[in-house]
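Trainee: Below is the structure, and that's it, no one-letter string:
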Ligand SMILES: Nc1ncnc2c1ncn2[C@@H]1O[C@H](COP(=O)(O)OP(=O)(O)OP(=O)(O)O)[C@@H](O)[C@H]1O
């Protein structure tokens with residue numbers, strides 16, 4: 001009888017974040033459908049990173065609520081939210097220059113087990129994860145560099161390794177903060193493919209300034225301005241929206 005609505009992976013209602021009276025995120029109602037790729041865009045300072053930090057629990061919520069698959073996760077610690085299946089892309093600074101990509105992924109896989117991150121564990125115990133680590137390294141296109149120190153990887157390759165580390169967590173929801181930032185055209189296109197592959201069977205929310213990336217990947221786009229939702233829809237809908245055009249032109253004017 002009733003029309004079945006697709007399940008929401010993430011839902012926020014009236015979400016606010018204030019920094020000493022300044023509203024960086026203001027009454028945001030966000031619906032992210034399960035299995036979708038959802039982009040957050042907006043001019044500099046629009047509140048995208050702050051919203052990401054709220055979703056992953058890295059910042060406390062000032063007002064409003066966050067639900068993950070219908071469960072209220074407002075106020076949960078980041079590790080609890082991670083445990084419930086939300087992973088955030090690693091920052092480059094979290095790579096260990098002397099460890100190889102393979103070792104990074106093996107450690108990430110070990111971190112998922114009861115053993116946790118035990119760096120003093122023997123090579124033998126890590127070898128249990130070798131086959132899966134090989135797969136992940138292959139998937140992100142780093143097979144030829146699997147045994148080189150991460151320090152020698154080029155920028156785009158480091159970002160690919162971060163993607164493998166996030167995928168190793170096997171999350172239900174993946175939050176990617178500017179996956180193509182600072183990349184040349186080739187790396188951007190490779191990353192689009194990579195995100196597409198990694199998004200299979202998952203929900204992805206990403207922030208990116210590159211509209212080619214947003215247009216190629218996003219099923220839905222939420223445009224933020226001054227902390228609030230300015231527009232929401234498909235890429236084609238939002239890019240034709242007068243208010244969105246004005247917001248971006250306004251930014252260009254001030255550049
Ligand atoms: N810890 C903080 N304390 C005070 N103000 C903050 C803090 N973090 C962010 N802000 C402010 O909140 C606003 C939103 O910042 P945020 O980094 O979320 O924007 P953004 O959309 O991610 O921008 P960008 O595209 O430049 O990364 C900005 O005005 C910023 O200065």
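Mentor: Looks like it arrived, so ask away. Since we're looking at a predicted model, the values are computed, not measured.
Trainee: Near the ligand, which residues of the stretch 101-250 of the chain? Just list them.
Mentor: Proximity of the stretch 101-250 of the chain to the ligand, by C-beta under 6 Å from any ligand atom, involves no residues. Heads up, the C-betas are built off the backbone N, CA and C, glycines and all.
Trainee: Show me the strands in the protein, by range?
Mentor: When secondary structure is read from DSSP state E, the chain shows strands at 8-19, 22-33, 37-41, 63-68, 71-72, 86-88, 173-177, 203-207, 220-225, 228-233.
Trainee: Residue 159: which of those strands is closest?
Mentor: Evaluated over those, closeness to residue 159 peaks at strand 173-177, with 9.9 Å, by C-beta to C-beta.
Trainee: now that closest one, how far from the centre of its chain.
Mentor: 2 Å (C-alpha atoms, centre = their mean, to the nearest Å).
Trainee: Could you save the strands of the chain as CSV and add columns showing mean neighbour count and mean pLDDT?
Mentor: Below are the strands of the chain laid out as CSV (neighbours: other C-beta atoms under 10 Å; pLDDT from 0 to 100):
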stretch, mean neighbour count, mean pLDDT
strand 8-19, 19, 98
strand 22-33, 19, 97
strand 37-41, 25, 97
strand 63-68, 18, 98
strand 71-72, 10, 96
strand 86-88, 23, 91
strand 173-177, 23, 94
strand 203-207, 25, 96
strand 220-225, 24, 96
strand 228-233, 18, 96
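Trainee: got JSON lines for these, with distance to residue 145 too?
Mentor: Rendered in JSON lines, the data for those read as follows (distance: least, C-beta to C-beta, whole Å):
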{"stretch": "strand 8-19", "distance to residue 145": "33"}
{"stretch": "strand 22-33", "distance to residue 145": "33"}
{"stretch": "strand 37-41", "distance to residue 145": "27"}
{"stretch": "strand 63-68", "distance to residue 145": "35"}
{"stretch": "strand 71-72", "distance to residue 145": "39"}
{"stretch": "strand 86-88", "distance to residue 145": "23"}
{"stretch": "strand 173-177", "distance to residue 145": "21"}
{"stretch": "strand 203-207", "distance to residue 145": "25"}
{"stretch": "strand 220-225", "distance to residue 145": "34"}
{"stretch": "strand 228-233", "distance to residue 145": "40"}
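Trainee: contacting residues around residue 112?
Mentor: 168, 169, 170 (C-beta atoms under 8 Å, 6 or more residues apart in numbering).
Trainee: Just among the residues you listed, which is most surrounded?
Mentor: Neighbour counts for these were taken using other C-beta atoms under 10 Å; the highest belongs to residue 168, which has 23 neighbours.
Trainee: Any idea how many residues pack against the residue nearest to that one when sequence neighbours are not counted?
Mentor: With C-beta to C-beta, 6 or more residues apart in numbering as the criterion, residue 168 has its nearest non-adjacent residue at 3.9 Å, and that residue is residue 108. For residue 108, the count of nearby residues is 20 (other C-beta under 10 Å).
Trainee: OK, contacts around residue 108?
Mentor: For residue 108, the contact set (C-beta under 8 Å, 6+ apart) comprises 164, 165, 168, 169.
Trainee: surely the second one meets residue 103?
Mentor: Just to be clear, that refers to residue 165. No - shown here, residue 165 and residue 103 do not form a contact pair, counting by C-beta atoms under 8 Å, at 11.2 Å.
Trainee: quick one on the thing from earlier: so which of the contacts of residue 108 belong to helices?
Mentor: Where the contacts of residue 108 overlap with helices, as defined by DSSP state H, the overlap consists of 164, 165, 168.
Trainee: Would you format those residues as TSV with distance to residue 81 and pLDDT included?
Mentor: Converted to TSV, the ones in helices among the contacts of residue 108 look like this (distance: C-beta to C-beta, whole Å; pLDDT from 0 to 100):
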residue	distance to residue 81	pLDDT
164	21	91
165	17	90
168	17	89
